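Chemist: sequence first, predicted model second:
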Amino acid sequence: MKKTFLKFKELSNSQNKIGKGKDTSINTAAELRSYVEKLKITHEKQKYSREDLRSDVDKITRNIRKGKYKVSEQDQKELDNCIKGYEVAYTNYKFAKRSWRDSSSLKKSLDDATQNYLHYLLEKIDSASLQITTIEINAEDVTKQKNPENTDNLELDDKTKLEILKDADAGEKIVPGGGSVGSNNPNQDAFFVDKAKESYAVFDGVGGASYGDIASATARDVIQSQLADFPDNINDAKREMRRILLDAHKAIDQLKLEGAQATTASVVKILKDRIGVIGNMGDSRVYVLRKGSNVLEHLTLDNARGSHFLKSNPAYPHMQTSWDTQKRIANLDSFEKNVPRDLRYPITIRAYVDNALGGKPDEGKKPDPAIYINQFQPGDRLVLSSDGIHDNLTDKQIAECLLKNPSNDQKAADDMIEAATQVMNQYDKQKGKWQRSKKDDRTAVVVEIE
């Protein structure tokens, strides 16, 4: 029998930031108390920045929300208030800091909320009100976890075990067929690969805004849970995809976190006869490299609103111009010279997202998913990516990662992330938007149609 415990980053004496040490397991209330106590003392002595401290505090919050740390029912409401108070205070502080406003009073509010939250945790640990969930997992469970198609008939307890195993071993967000590497702290991208249910998605917290990581993770959880049973009728499937995306929007909105927490979404569901239903919001993308081709096809249009497609066909001139612009920018090797005049303005606004899940839509605009239908064939390869991939790489470079790895989706995704990272590391602050290099989280999913 093997015990799987929740992992945290240890406070390191050798480095000057929280969360930069080695992994250590927390498997008892005493160890959790020691960890929280270190955070509290660190905060009181102001040895680290509020931003550094937040990433470690947020790890505790996530585990509370997932039910891995549990309190009694009578304490849950007060704990929720502590969490919300901390999150609201942090968001207000960050917004003031980003807009160069005086944040001194907000610093005090954040410090008070942080101490209140950590003190409450210590109090509940000492009173044995807060408990850690640990679950025994055997080798058979591990085998089932590695073969998702075998999990449909598992009992709820077994599914819970597997979820904890998956979370404990998630590490760098690598699963078969996909991967994600962060530049932000925390990484604000999320994704899932569910080959058993032929469902795939990528999410990207918008603009590095506060709680973008929570928005993308919430969208991932809501959408993945609803893609199992899907109608095969195309019109019904389009309506269902739209409904699911809007459900995710409502779930993010109901978190009631202050600020502009929002996320893009690129979601693919494969129906019978290899018909793909794609739901898209924002500037994450879906591509396909057809079997026998070396040319990458764009299957989604950045920031397209579903209502546009209801009124017209993408082949119509006013839509076709947008598709052509996106593809031409995607194939420019450089933005530094010889940029066609009609692409200069689109390049300057390429990072702007005006159609996302969550957040505060522009006045008069509501979330409006764009839904696409595509026919695939065996051997076609889908690519889902956040803009940290496709803003750093050209279509040709993405296609090369696929062609170099004709039967290895994971290696193709890893190569995309590595290639995008190499371009990103060439970023020159002085050049601003006039360079392909862009600092961002990088997520890629590659799936071969069977």
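Modeler: Sure thing, it's come through.
Chemist: average model confidence for stretch 240-260?
Modeler: In this model, stretch 240-260 has an average pLDDT of 83.
Chemist: sorry, wrong one. I was asking about stretch 266-275.
Modeler: 95.
Chemist: residues in contact with it: which ones?
Modeler: Under the criterion Cβ atoms under 8 Å, 6 or more residues apart in numbering, residues 198-203, 223, 227, 230, 232, 234, 237, 241, 244-245, 276-280, 284-286, 300, 373-378, 382, 384-385, 447, 449 lie in contact with stretch 266-275. Heads up, the C-betas are built off the backbone N, CA and C, glycines and all.
Chemist: let's verify L384: helix, strand, or coil?
Modeler: At L384 the chain is in strand, as set by DSSP: H, G, I helix; E, B strand; the rest coil.
Chemist: how near is it to K77?
Modeler: Computed as Cβ to Cβ, to the nearest Å, the L384 to K77 distance reads 39 Å.
Chemist: who's more crowded, those two?
Modeler: Of the pair L384 and K77, L384 is the one with more neighbours under other Cβ atoms under 10 Å, namely 30 against 10.
Chemist: P378 and R290 touch, don't they?
Modeler: No: with contact defined as Cβ atoms under 8 Å, P378 and R290 do not form a contacting pair (10.9 Å).
Chemist: neighbour count: these two, which is higher?
Modeler: Neighbour totals were compared for P378 and R290, and R290 leads with 15 against 9 (other Cβ under 10 Å).
Chemist: ignoring the adjacent residues along the chain, who's closest to the more buried one?
Modeler: Excluding the flanking residues, the one nearest R290 by Cβ to Cβ, 6 or more residues apart in numbering is D380, at 5.4 Å.
Chemist: cool, Q188 as well?
Modeler: G205 (3.0 Å).
Chemist: and that neighbour, how many neighbours?
Modeler: G205 has 30 neighbours, counted by other Cβ under 10 Å.
Chemist: who's in contact with it?
Modeler: 184, 188-189, 211-216, 261-263, 441.
Chemist: how does it look with 10 Å?
Modeler: Contact partners of G205, counting by Cβ atoms under 10 Å, 6 or more residues apart in numbering, are 184, 186-190, 211-217, 219, 261-264, 356, 358-359, 386, 441.
Chemist: pLDDT score for it?
Modeler: On the pLDDT scale, G205 is placed at 87.
Chemist: kindly report the same for I329.
Modeler: 91.
Chemist: next SSE downstream of the helix or strand encompassing it?
Modeler: In this assignment (DSSP states H and E), I329 forms part of helix 317-330. Using DSSP H and E, the helix or strand that follows helix 317-330 in sequence is helix 341-348.
Chemist: show me where the chain has its helices.
Modeler: 29-45, 50-65, 73-98, 104-126, 139-146, 156-168, 212-226, 234-253, 306-311, 317-330, 341-348, 387-390, 395-403, 409-424 (DSSP state H).
Chemist: coming back round to it: from the contacts of stretch 266-275, which land in strands?
Modeler: Those of the contacts of stretch 266-275 mapping onto strands are 199-203, 276-280, 285-286, 373-375, 382, 384-385, 447, per DSSP state E.
Chemist: between the two ends of stretch 323-339, how far is it?
Modeler: Terminal residues of stretch 323-339 lie 18 Å apart, using Cα to Cα, to the nearest Å.
Chemist: need the residues that contact it.
Modeler: If you take Cβ under 10 Å, 6+ apart as the criterion, stretch 323-339 is touched by 283, 285, 287, 296-298, 300-304, 314-315, 340, 342-348, 350, 390-391, 393-398, 428, 431-437.
Chemist: then stretch 342-351?
Modeler: With Cβ under 10 Å, 6+ apart as the test, stretch 342-351 has contacts from 206-207, 283, 302-303, 321-322, 324-326, 328-330, 332, 335, 339-340, 387, 391, 432-436, 438, 440.
Chemist: are any of those buried, and which?
Modeler: 206-207, 283, 302-303, 322, 325-326, 329-330, 335, 387, 391, 435-436, 438, 440 (16 or more other Cβ atoms under 10 Å).
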